[in-house]
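Colleague: I would like the atomic coordinates for the input below:
(2 chains, ligands or ions: 2)
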Amino acid sequence: MRITVSVDGVSYTDEVEPRMLLVHYLRERLGKTGTVVGCDTSNCGACTVHLDGHSVKSCSMFAVQADRHEVTTIEGLARDGQLHPVQKAFHENHALQCGFCTPGMIMQSIDLLADDPDPSEETVRHGLEGNLCRCTGYQNIVKAVRDAAHQMRPGAGPEAEQVAPSPSHAGGGE
Amino acid sequence: MTATAEPEIGRARLRKEDARLITGDTRWTDNIQMAGMLHMAVLRSPMAHAKITGIDVTAAAAMPGVLLVLTGEDVAAEQGSLPCAWPITEDMLAPPAPSLAVDEVNFAGEGVAVVIARSDYEAHDALAAIDVEYDELPVVLDMEAAVADGADLVHPDLGTNKSATWVFDSAEAGTGADVDQAIADAEVTVTRTFRQQRLIPAFMEPRSVVVDPGGGSITMWSATQVPHILRWMLAAVLGIPEHKVRVIAPDVGGGFGGKLQVTPEEVLTLLVARRLGKPVKWTESRTESMLSAHHGRDQIQQLTVTARRDGTVTGLKVDLLADMGAYLRLVTPGVPILGAFMFNAIYKFPAYRFTCVNVFTNKVPTDAYRGAGRPEATFAIERLMDELAVELGMEPMELRRKNWIKHEEFPFTTVCGLTYDSGNYEAATDRAMELFGYDELRQEQARRRESGDPVQLGIGISTFTEMCGLAPSRVLGSLRYGAGGWEHAAIRMLPTGKVELITGTSPHGQGHETAWSQIVADRLGVPFEDVEVLHGDTQSSHKGMDSYGSRSLAVGGTAIVLAADKVLAKARTLAAHLMECSESDVEFASGQFSVRGTGTSTALGDVVLAAHVAHNLPDGMEPGMDAECTFDPTNFSFPHGTHLCATEVDTETGAVKIRSYVCVDDIGEVVNPLIVEGQVHGGLAQGIAQALFEEAVHDESGTLTTATLADYLLPSAADLPHFTTDRTVTPADSNPLGVKGVGEAGTIASTPAVVNAVIDAVRHLGVDDVEMPCTPMRVWKAVHQGKERGVPTTPVAAGGLGSIDAQGGAE
Ligand code: FES
Ligand code: FES
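Modeller: Residues are numbered from 1 along each chain as shown, chains lettered A, B, ... in the order given. Ligands and ions are numbered 1, 2, ... in the order given. Next comes the predicted model:
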């Protein structure tokens, strides 16, 4: 099937098998290897990306379902060399060790902050329930998300990510 | 900016590694794409024990995109036997361990065939077309049944399910008294049996291997903790000349011992890549990982402690059954032996005997998992100390205090013959009790008991120590381990003043790039940013023993310090030569050499450049300023700490909630407190998970029923509490940094703290044990069975203030 997907501000048109998972399309076709796969039952959240500004587990949808949608991955967050405040907060709060869960955690955290710009510890813990980390015990992740909330006021919404394609995004667009 | 304004050692540096990890600019093995690369998929046995009577691959081989299908028979002549590096006794029994089963499968999940295809999807499609015929054999799952007379056998050729029996006896070793005598003379004896359930390491990055057989030698990328050991073992198992194999561990997403292995898939990927002359990749699914990557723990522990009525312990006898699973992997048999020296823990036992029987079952092999042997030991002794306290009618912390090694008694040689160099259990405990509000919580507990609150409060203690910094090579040799325990570091002083540090440690989340840079910056007075850490590639880092056993800093970090000192020694000689003074007049501080009492000075960078151009060197001095060191420790290091957990147990539902968790760890000096805290948090999460959530469960046919993350309960953020952590510092004597290691402490200490807290909450209801994981169902059952049994006959000693019962002690 032929699909056209915008990924991190670049539009791609590709022929894909209907059964190809979105995460495999991102990793294998587009080389977006920042997004990773940690499980086969939609439990770990390592594959989390944004579809039209909202977090989805890219292992639990087909590439064809992303046709005519906008996908943002961890690789598309930084703008003009500036880290997204959530990326920065993860670094500054030592919210990662091996870093394998980190892309998914960051994408999910941004979504969570869009819903609740000033979440309590409880809210963050529940909001990240679908993202597993084996290294950190979560404490610093929770801290990072709340720290980012403070840095980001008045809140990181989908708009915050949807910067118009800059000239460096030479790969087209719709 | 120089890095010397604030001391580098002890500084909470943000991590260098993060830049690539938070932007997705990572190098996971599965990211690797190469021209012409093929994909391997493994067909796994659904049977736990069966003869393979036939495999038909014709249909699979004809599927689109399929290049090759191989069965065990096809690779039998070249696959060798997977290595076991730790034959713990002379007469240990070890079955051959093929990478691909040839005529018999011994656990569900064992590989029986592989498909190599153009794409991963095509390879997996073809797996479904392979037809395997099995002839079922009796399945051996239960360890006690496995060692009984007339048991069905996992490996009939061996004639028994017992692989080995390993004994340490303090009377025989001359390190203590006779435990049978202690039992005969005992005023109080407590015997308990505990079960260490089987766990799955469950690193988040599934394992992945890429092999490029091109260019006359073999390059393997693998998600491994042990690239150096892997290279050596691949050469040994497959007969490939070692110098024709290069192993690279790129970014590795966690290990926890689970990637301390030489895996069937590493061997198979190599064999098929070599056969086809093309790069081949294998990446496992999570389910495959759960079914075939090694598991951890799985012991039945029977302990007897003896004591005098006043609470002084007099002896400890430990009998273990340890489940090996179906085969002996890299260090499978040695894991329980690492625990042998830790059951006596921080206490002054005069007599000790440890006996371990290693048992085969039709399950995935066990091997190292965070703590490896030591969490099992710590759990058992800390649970037992609580039971003894009840028996004696003593407050559980007072019992521990009475028996632990006092700070002024260090160095202390234990009943196992280990010498603990330093520690201060009083200081860590006092701090932990203060942070925890121990007395207030005991009062609240008493109130809730009195009022019959359906939600009861429990307080759990774990005062632990561990041996890490694995390990003095000589000790490993005496334990029949097949390798040494040294570590290597090399420092390259580049002509522009930048520094490359090559380490034999192999990080997979520990932040070595940051911490090692701090050590080098501290020692050499160069900026932190000017240090690049090279690791995990046997071509650049040719010598190493890799990362596990909380060894990287204590052993690998020491090698760095000593290599840096060699750089400085040579630089000092050259600086004296350049400044035309006597070497004894040269002082070094903040990256500058100066002549004592004069204004003459020269920067290390200038001396390095002078060494590099070699225009003006003292006679006989070699050009360059590089140095290397291989450090072999003379002793282990012994971190310790006190962990306190308060749980609220709902007696109506069995639900357990951790209300507060406080730990004060003494891990000696600290290079980077941020990284240390992270290690503690992560360790706690894994230890708590063992106590409350995780268990690898098999059905009666040997199928793992917890083979996904939906069934195997890794805790999420919502399942874990906020941790209060603090540290006390007694420097280690065994290394120049004074460090002890922190990778495993949290995991080792936390499990018994949580379980002790759960039992403490409901002990007055007649509960004296709950098997792990303490699920709501188990806790509820324990409470209800306890109630049916009636009020306990033993005084409830752990019951807070006023519970120190002078009538204490049971019949
Ligand atoms: S890979 Fe685990 S949820 Fe998507
Ligand atoms: S940082 Fe390793 S899994 Fe989260």
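
Colleague: per-domain residue ranges of chain A.
Modeller: A:2-75, A:85-163 (automatic domain parsing).

Colleague: how distant is the last one from the center of its chain?
Modeller: The one in question is domain A:85-163. Between the centre of domain A:85-163 and the centre of its chain there are 11 Å (CA atoms, centre = their mean, to the nearest Å).

Colleague: now the shortest one
Modeller: The gap between where domain A:2-75 is centred and where its chain is centred comes out at 10 Å by CA atoms, centre = their mean.

Colleague: for chain B, which helix is longest?
Modeller: Using DSSP state H to define each element, chain B has its longest helix at helix B:558-579.

Colleague: Given the helix or strand that comes right after that helix, what are its sheet partners and their directions?
Modeller: Proceeding N to C from helix B:558-579, the next assigned helix or strand is strand B:586-589, under DSSP states H and E. Neighbouring strands of strand B:586-589 in its sheet, by DSSP bridges, are strand B:592-595 (antiparallel).

Colleague: what's the most buried one of the domains of chain A?
Modeller: Per-stretch averages of neighbours, counted by mean count of other CB atoms under 10 Å in any protein chain shown, single out domain A:85-163 among those, with a mean of 22. Heads up, the C-betas are built off the backbone N, CA and C, glycines and all.

Colleague: is any part of that domain close to ligand 1?
Modeller: No. Against ligand 1, domain A:85-163 shows no contacts by CB under 6 Å from any ligand atom, the least distance being 7.4 Å.

Colleague: In terms of pLDDT, where does A:Gly171 sit?
Modeller: Listed pLDDT for A:Gly171 reads 39.

Colleague: How about B:Ile52?
Modeller: pLDDT, read off for B:Ile52, is 98.

Colleague: Helix or strand: which one has it?
Modeller: B:Ile52 belongs to strand B:50-56, assigned by DSSP H and E.

Colleague: Which strands or helices does that strand pack on?
Modeller: strand B:104-105, strand B:111-117, strand B:131-136 (3 or more CB pairs under 8 Å, 6 or more residues apart in numbering or on different chains; DSSP states H and E).

Colleague: re earlier: output the domains of chain A as CSV; include the columns mean pLDDT.
Modeller: CSV is the format used below for these (pLDDT from 0 to 100):
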stretch, mean pLDDT
domain A:2-75, 98
domain A:85-163, 91
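
Colleague: Let me see the contact set for the nearest residue to B:Gly277 once chain neighbours are set aside.
Modeller: With sequence-adjacent residues excluded and distances taken as CB to CB, 6 or more residues apart in numbering or on different chains, B:Gly277 is closest to B:Pro213, at 6.0 Å. Residues in contact with B:Pro213 (CB atoms under 8 Å, 6 or more residues apart in numbering or on different chains) are B:270, B:273-274, B:276-279.

Colleague: now B:Thr263
Modeller: B:82, B:207, B:209, B:293.

Colleague: ok, these vs B:Thr705, which is closest?
Modeller: In terms of CB to CB, no member of the contacts of B:Thr263 lies closer to B:Thr705 than B:Ala293, at 16.8 Å.

Colleague: I'd guessed the closest one sits against B:Pro201; true?
Modeller: Yes. Assessed by CB atoms under 8 Å, B:Ala293 is found in contact with B:Pro201 at 7.1 Å.
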